[in-house]
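Q: Below is the structure, and that's it, no one-letter string:
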């Protein structure tokens, strides 16, 4: 039996035309219906990337990084969590957490709050949840504070006041895959750090996180004059170290600028002429004497550990009185982290001191790097194209190994924010960092490293808060001695 379409000459021309027209109209109708359906899905708030649609092939993992098949990596483990095979962007309004509740705290939720703390502690300790693996979901109650209402924010991070035209980047909330983060409560956080010191040490990205936490906590203090820099220094354009005191809780939230964590200074006299400065990888930064009594210590490094910031600029590595001209950046970082581990072992003031080492914060320059015209100003949504994802930075492995050396000796863990931050290409300062009234920066001078506030660093602090709750951290109201 022969198929009718094999012998078109036997079919009258009129019927052939009608059949073709019918098929064409049906095809157009189906395509139109599909297009309308997709538009409705997007319009009514379901912005999801289903598992397997954008499959993400994890980049080459280094030996100390958790295996990609291990979905239940414990948060108390110092290993870098494996990246999930896909992630979701969900437009899911959640109005049960109002900004008023965030700022004042829920006066009637004491019992419920204790249950949440108990539950999250059990989940974390059992290894059933890794806060660093999850998805960004749309939340209409965000942001949790407004930059114009926080007087403790550097002008370079005030993107809205600096002219950024979009604000959707403030509306995304991080949702772990296997558990819920406890709602951030500024009153609870302040009560737990009463009479204590929270100390940030690192580069300007660490300062980004420090300012974020100050604004998050300041929402619980109606009288902002009760928060002040203890030395009277202004926050804007100030280098070195700053310490903000929350008078009502007798606690300080401090920042010490130390991009390498180890000491950077002049080379010894016998050094070769090309050596302008050295990094003494066997000695901590000169401000380290001021960190040692911190109750919660948050360190970060990595952005300055590259060829451009070191050897190319005449900065070489020194041990003792000897400059090692052959030591590369990776080896230098490993040696510096060994020194950091020794410092933590010797100077973390008690077994109750909590030490965090934050992982690398990805940058999102497109079409160039930070000094060759790279851009990110057109990014208004989180990344959904897995081909843009970067390889796991070597600094993460080195930091993971450092935390491993402290395991069982100190309350130390990796604050793993790399993957969740890598997705957020939309959150950078880009052109809007010059300050209010100064207009956007030139197109060729974009900042795709630092973050707008409120924004992504708020989530880093939310994770910090969750980990402290899970560990039962608190200080005695009268003595300031850590109890957890």
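A: Perfect, thanks for sending it. Treat the numbers as computed from the prediction; the structure is a model and nothing was measured.
Q: can you tell me the helix or strand for residue 216?
A: helix 204-218 (DSSP states H and E).
Q: Kindly report the same for residue 371.
A: Assigned by DSSP H and E, residue 371 falls outside every helix and strand.
Q: Next, it: phi, psi?
A: Residue 371 adopts backbone torsions of phi -110, psi 10, taken as degrees, to the nearest 10.
Q: And residue 283, by the same measure?
A: Main-chain dihedrals, residue 283, degrees, to the nearest 10: phi -140, psi 130.
Q: shouldn't it be in contact with residue 340?
A: No. Judged on C-beta atoms under 8 Å, residue 283 makes no contact with residue 340 at a distance of 10.9 Å. (Each C-beta comes from the backbone N, C-alpha and C, glycine too.)
Q: Among those two, which residue is more densely surrounded?
A: Legend: neighbour count by other C-beta atoms under 10 Å for residue 283 and residue 340, higher for residue 340 (25 against 18).
Q: Look up the closest residue to the more buried one, ignoring the ones flanking it.
A: Spatial nearest neighbour of residue 340, excluding adjacent residues (C-beta to C-beta, 6 or more residues apart in numbering): residue 261 at 5.6 Å.
Q: Please report how far that neighbour lies from residue 251.
A: Relative to residue 251, residue 261 is positioned 24 Å away (C-beta to C-beta, to the nearest Å).
Q: Which residues does the helix or strand in which residue 355 is found contact?
A: Using DSSP H and E, residue 355 maps to strand 354-358. For strand 354-358, contacts defined as C-beta atoms under 8 Å, 6 or more residues apart in numbering pick out 202, 206, 209, 295-300, 344, 348, 399, 402-403, 406, 410-415, 417, 460, 464, 467-468, 471, 473, 482.
Q: In strands, which of those fall?
A: 202, 296, 297, 298, 299, 300, 411, 412, 413, 414, 415 (DSSP state E).
Q: Pipe the residues you listed into TSV and attach pLDDT per row.
A: As requested, these are exported to TSV (pLDDT from 0 to 100):
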residue	pLDDT
202	97
296	97
297	98
298	98
299	98
300	97
411	93
412	95
413	94
414	96
415	97
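Q: Pick out whichever of these sits closest to residue 131.
A: Lowest distance from residue 131 to these (C-beta to C-beta) belongs to residue 415, with 9.4 Å.
Q: which residues sit in contact with the closest one?
A: Under the contact definition (C-beta under 8 Å, 6+ apart), the residues listed for residue 415 are 298, 356, 357, 358, 359, 460, 463, 464, 467.
Q: Highest neighbour count among those?
A: If you count neighbours using other C-beta under 10 Å, the busiest of the contacts of residue 415 is residue 460, which has 28 neighbours.
Q: Now do the contacts for that one.
A: By C-beta under 8 Å, 6+ apart, residue 460 lies in contact with 209, 212, 358, 415, 417, 421.
Q: Tell me, how many residues neighbour residue 419?
A: 22.
Q: host element of it?
A: Assigned by DSSP H and E, residue 419 falls in helix 418-422.
Q: what's that helix in contact with?
A: Contacts with helix 418-422, where a contact means C-beta under 8 Å, 6+ apart, come from 80-81, 83-84, 132-134, 136, 174, 359-362, 383, 389-390, 392-393, 396, 456, 459-460.
Q: Which of these are buried, as a ChimeraX select command?
A: Restricted to buried positions by 16 or more other C-beta atoms under 10 Å, the ChimeraX selection for these reads:
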select :80,81,83,84,132,133,134,136,174,359,360,361,362,383,389,392,393,396,456,459,460
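Q: Filter the contacts of helix 418-422 down to the ones in strands?
A: Using DSSP E, the contacts of helix 418-422 in strands are 134, 136, 174.
Q: And these, which is closest to residue 437?
A: residue 136 (32.0 Å).
Q: Identify the spatial nearest neighbour of that closest one, chain neighbours not counted.
A: residue 172 (4.3 Å).
Q: list the contacts for that neighbour?
A: 89, 136, 137, 138, 139, 142, 382, 424.
Q: Buried ones among those residues?
A: 89, 136, 137, 138, 139, 142, 382, 424.
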